[in-house]
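heads up, no residue letters with this:
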């Protein structure tokens with residue numbers, strides 16, 4: 001139903017027009033108003049499809065009413081037909097049209113023309129209403145899309161800002177168009193500092209610039225490049241100039257027909273450090289497993305091998321005693337004895353590097369040990385090698401084993417001499433006290449404090465980096481077959497660690513090698529050992545000799561009887577216990593092997609000491625995992641010897657035990 005608003009100040013005109021419109025227009029509703037102000041209000045509320053507006057009215061004429069209707073958002077789209085009784089008023093027609101009127105008719109109005117104009121206005125209104133509706137619908141859809149886009153942008157922004165990785169976008173000019181919070185954190189630049197800037201100039205090291213320039217030119221044209229779609233590890237720059245490792249993934253996106261690049265960047269410094277630490281730990285674990293395996297093997301053969309050497313030692317010495325002083329046979333035996341001693345030393349080296357032996361540490365000064373070795377080196381090394389040493393006499397003490405320190409210095413010096421044997425050179429050895437502060441100590445894996453630094457340098461052949469990686473590994477040697485065991489530096493490394501120290505090495509092929517060893521210094525005076533006064537080795541006491549090796553017992557019995565002792569033998573711990581308990585007052589000392597079937601030497605000692613706590617007992621072992629000098633002392637054993645031992649060592653141990661009895 002069409003609604004038509006008629007505005008006229010004459011009631012008669014309103015009645016005539018209302019009647020006419022209702023007769024000529026089907027299903028039309030006519031609303032009337034007698035003034036411009038009333039008509040404007042009814043137009044707002046009734047929302048008519050067309051307005052018939054008289055021009056001449058008191059208070060507010062039709063022109064003013066038209067102006068107000070066309071200026072109001074609620075009524076400006078309603079078609080207005082203005083009516084006037086002046087036939088030739090061209091000026092009024094023009095003014096009406098300029099004010100927004102859609103048609104202008106003169107009174108008296110022709111019915112046909114009026115209806116035609118009204119129908120035309122109704123069609124215009126219907127079209128405008130449809131247009132407005134479609135516009136509103138389109139506006140609603142646009143607003144919905146804008147809202148969705150805003151939400152999408154907000155999600156994208158939140159994802160970018162919450163990401164742990166730096167997300168950077170470069171536009172088609174290679175300028176930074178996106179720089180998230182993680183990028184600020186990783187690289188140190190605020191977003192305002194980088195937007196619109198050339199990213200490569202900011203965060204890429206100089207040596208990458210040319211390659212990046214070439215690749216980016218290709219990318220701008222095709223959207224493709226050697227790095228697109230790949231993940232790579234490269235070096236980047238922070239704001240402060242620090243170089244660090246990153247993982248970079250690059251993808252391409254086309255916006256407005258132009259290619260843009262998006263990079264996702266992770267700082268992998270910590271990951272790389274963790275990987276290196278893991279690799280190092282795995283290497284250490286493999287090394288530890290290797291050492292454990294070799295140590296198990298070493299422990300397994302040490303006892304039997306040392307027992308064999310024990311028999312050889314004593315047999316050589318007993319045979320030697322029967323020969324003239326300057327006989328050639330005696331020289332041969334001396335050589336055999338020396339070779340046997342080297343075999344014993346080899347076993348000790350294996351046990352040392354595999355950490356199968358416990359060495360008793362004491363407060364010692366190492367300067368005298370080094371000076372003694374320097375004197376020995378002069379007579380050992382060829383004259384083509386000059387020896388320079390600077391051993392400070394003011395160096396303090398360390399807690400350590402003199403034998404092992406001697407082994408460390410001797411090994412390093414002999415290796416240095418070997419490196420210079422063909423071309424000659426200079427061996428420099430120095431010892432000084434140094435103070436390691438926190439940074440230096442941390443770099444060495446030590447605590448800060450006072451240390452004794454042993455410096456051994458040679459001008460020999462040097463070593464490559466590949467060789468340096470393996471020099472402390474057991475059985476690794478650069479010497480020809482037959483000239484080295486490959487245990488020397490392994491033993492040195494084990495000894496230094498056992499002394500809570502660190503050993504470092506620097507070497508360059510054809511320039512020489514430098515070893516530095518750091519031992520923790522201690523503020524204690526060296527305890528002067530009691531002078532042995534060279535105990536007389538001979539005696540006449542009764543000794544109970546216990547060993548399951550028949551040949552060893554036979555030789556030891558001959559040796560002891562040669563020193564004047566009365567010897568009773570037993571081939572097992574149980575037999576020895578039975579013999580002793582049968583006549584305990586008959587024996588002055590028990591000399592027993594450790595490893596025996598059924599009852600070991602320490603078990604025998606415990607049984608004997610239960611009722612005879614002052615009984616001197618000497619325990620001799622080829623090798624034992626559970627028995628060492630400290631454990632033996634805790635049991636109450638007076639002497640502890642490690643095979644192979646010579647006659648003098650056994651004789652001296654017996655005299656000490658007997659003469660200190662009680």
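Now that the structure is in, tell me what you want to look at. Given the structure is predicted, the values throughout are model-derived calculations rather than measurements. Numbering: from 1, shown residues only.

now do residue 357, the pLDDT please.
pLDDT for residue 357: 54.

let me fix that: residue 164
84.

likewise the one 3 residues further on?
You'll see residue 167 listed with a pLDDT of 90.

now do the same for it: helix, strand or coil?
strand (DSSP: H, G, I helix; E, B strand; the rest coil).

give me the element the nearest residue to residue 48 once chain neighbours are set aside is part of.
What sits nearest to residue 48 in space, not counting adjacent residues and going by CB to CB, 6 or more residues apart in numbering, is residue 5, at 3.9 Å. Every residue, glycine included, has its C-beta placed from N, CA and C. Using DSSP states H and E, residue 5 falls within strand 2-7.

that strand packs against which elements?
helix 11-24, strand 28-33, helix 36-46, strand 50-54 (3 or more CB pairs under 8 Å, 6 or more residues apart in numbering; DSSP states H and E).

angle of whichever helix or strand comes after the shortest one against strand 2-7?
This means strand 50-54. Using DSSP H and E, the helix or strand that directly follows strand 50-54 along the chain is helix 62-71. Helix 62-71 runs at 140 degrees relative to strand 2-7, counting by axes from the mean of the first three to the mean of the last three CA atoms, to 10 degrees.

packing partners for helix 62-71?
Using 3+ CB pairs under 8 Å, 6+ apart: helix 62-71 touches helix 36-46, strand 50-54, strand 80-84, helix 90-98.

show me which positions of that helix end up buried.
Under the neighbour-count criterion of 16 or more other CB atoms under 10 Å, helix 62-71 has 62-63, 65-70 buried.

bridge partners for the closest residue to residue 172 other than its chain neighbours, pull those for me.
Sequence neighbours aside, residue 258 is the residue nearest to residue 172 in space, at 3.9 Å (criterion: CB to CB, 6+ apart). As for beta bridges, residue 258 partners with residue 255 under DSSP bridges.

near residue 258, how many other residues are there?
12 (other CB atoms under 10 Å).

gap between it and residue 212?
In this view, residue 258 and residue 212 are 19 Å apart by CB to CB, to the nearest Å.

ok, residue 641 next?
74 Å.

now the helices for the stretch 101-250 of the chain?
111-162, 181-187, 191-194, 199-203, 209-222 (DSSP state H, counting those that start in this stretch).

reformat those helices as JSON lines; add distance to residue 267.
Shown next, in JSON lines, are the helices of the stretch 101-250 of the chain (distance: least, CB to CB, whole Å):
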{"stretch": "helix 111-162", "distance to residue 267": "17"}
{"stretch": "helix 181-187", "distance to residue 267": "5"}
{"stretch": "helix 191-194", "distance to residue 267": "17"}
{"stretch": "helix 199-203", "distance to residue 267": "12"}
{"stretch": "helix 209-222", "distance to residue 267": "20"}
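
coming back round to it: with distance to residue 273, mean pLDDT and mean neighbour count added, can I get the helices and strands packed on strand 2-7 in CSV?
Converted to CSV, those look like this (distance: least, CB to CB, whole Å; pLDDT from 0 to 100; neighbours: other CB atoms under 10 Å):
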stretch, distance to residue 273, mean pLDDT, mean neighbour count
helix 11-24, 92, 88, 15
strand 28-33, 86, 91, 18
helix 36-46, 77, 93, 18
strand 50-54, 84, 92, 27
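
can you say which of those is nearest to residue 144?
Closest approach to residue 144 among the helices and strands packed on strand 2-7 (CB to CB): helix 36-46, 29.7 Å.

figure out how far that closest one is from the centre of its chain.
Distance of helix 36-46 from the chain centroid (CA atoms, centre = their mean, to the nearest Å) equals 82 Å.

ditto for stretch 247-263
Worked out by CA atoms, centre = their mean, stretch 247-263 lies 32 Å from the chain centre.

over to stretch 604-620?
Per CA atoms, centre = their mean, the centroid offset for stretch 604-620 relative to its chain is 55 Å.

that stretch: which residues count as buried?
604-605, 607-609, 612, 615-620.

between those, which sits nearest residue 77?
Nearest to residue 77 among these, with distances taken as CB to CB, is residue 619, at 119.6 Å.

parallel or antiparallel, list what pairs with the helix or strand the closest one falls within.
Assigned by DSSP H and E, residue 619 belongs to strand 617-621. Note on strand 617-621: by DSSP bridges, its sheet partners are strand 589-593 (parallel), strand 639-642 (parallel).

who's in contact with the shortest one?
Same thing as strand 639-642. With contact meaning CB atoms under 8 Å, 6 or more residues apart in numbering, strand 639-642 is reached by 306, 616-623, 628-629, 632-633, 649-650, 653-654, 656-657.

I'd like to know which of those residues are buried.
Of the contacts of strand 639-642, these count as buried by 16+ other CB under 10 Å: 306, 616-623, 628-629, 632, 650, 653-654, 656-657.

between residue 641 and residue 212, point out the one with more neighbours.
residue 641 (19 against 16).

distance of that one from residue 593?
Counting by CB to CB - residue 641 and residue 593 are separated by 10 Å.

any shared contact partners between the two?
What both residue 641 and residue 593 touch, as defined by CB under 8 Å, 6+ apart, is the set 620-621.

helix/strand/coil for the residue most central in space within the chain?
For the chain, residue 274 is the residue whose C-alpha lies nearest the centre (CA atoms, centre = their mean; 1.9 Å). The three-state label given to residue 274 by three-state DSSP is helix.

and it, how far from residue 400?
Counting by CB to CB, the gap from residue 274 to residue 400 is 36 Å.

low-confidence ranges, the stretch 201-350 of the chain, go.
214-215, 283-284, 287-288, 290-292, 294-300, 302-303, 342, 345-350 (pLDDT under 70).

do the same with the stretch 501-650 of the chain
524-536, 625.

now the strands for it?
Along the stretch 501-650 of the chain, the segments classed as strands by DSSP state E, counting those that start in this stretch run 502-508, 512-520, 542-546, 566-570, 589-593, 617-621, 639-642.

got a list of what residue 563 touches?
Per CB under 8 Å, 6+ apart, neighbours of residue 563: 537-539, 651.

and these, which are buried?
539, 651.

related to what we said a few turns ago, let me have the buried residues of helix 62-71 in a markdown table, extended by distance to residue 576 and pLDDT.
Output for the buried residues of helix 62-71, formatted as a markdown table (distance: CB to CB, whole Å; pLDDT from 0 to 100):
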| residue | distance to residue 576 | pLDDT |
| --- | --- | --- |
| 62 | 145 | 91 |
| 63 | 144 | 92 |
| 65 | 140 | 93 |
| 66 | 139 | 93 |
| 67 | 137 | 93 |
| 68 | 135 | 94 |
| 69 | 135 | 93 |
| 70 | 134 | 91 |
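
CSV please, covering those and showing distance to residue 174.
Formatted as CSV, the buried residues of helix 62-71 follow (distance: CB to CB, whole Å):
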residue, distance to residue 174
62, 67
63, 64
65, 64
66, 61
67, 58
68, 59
69, 59
70, 55
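
what is the nearest of the residues you listed to residue 35?
residue 65 (8.5 Å).

do you know how far the residue lying closest to the closest one once chain neighbours are set aside is from residue 51?
In space, and not counting its chain neighbours, residue 65 is closest to residue 36: 3.4 Å by CB to CB, 6+ apart. Residue 36 sits 11 Å away from residue 51, going by CB to CB.
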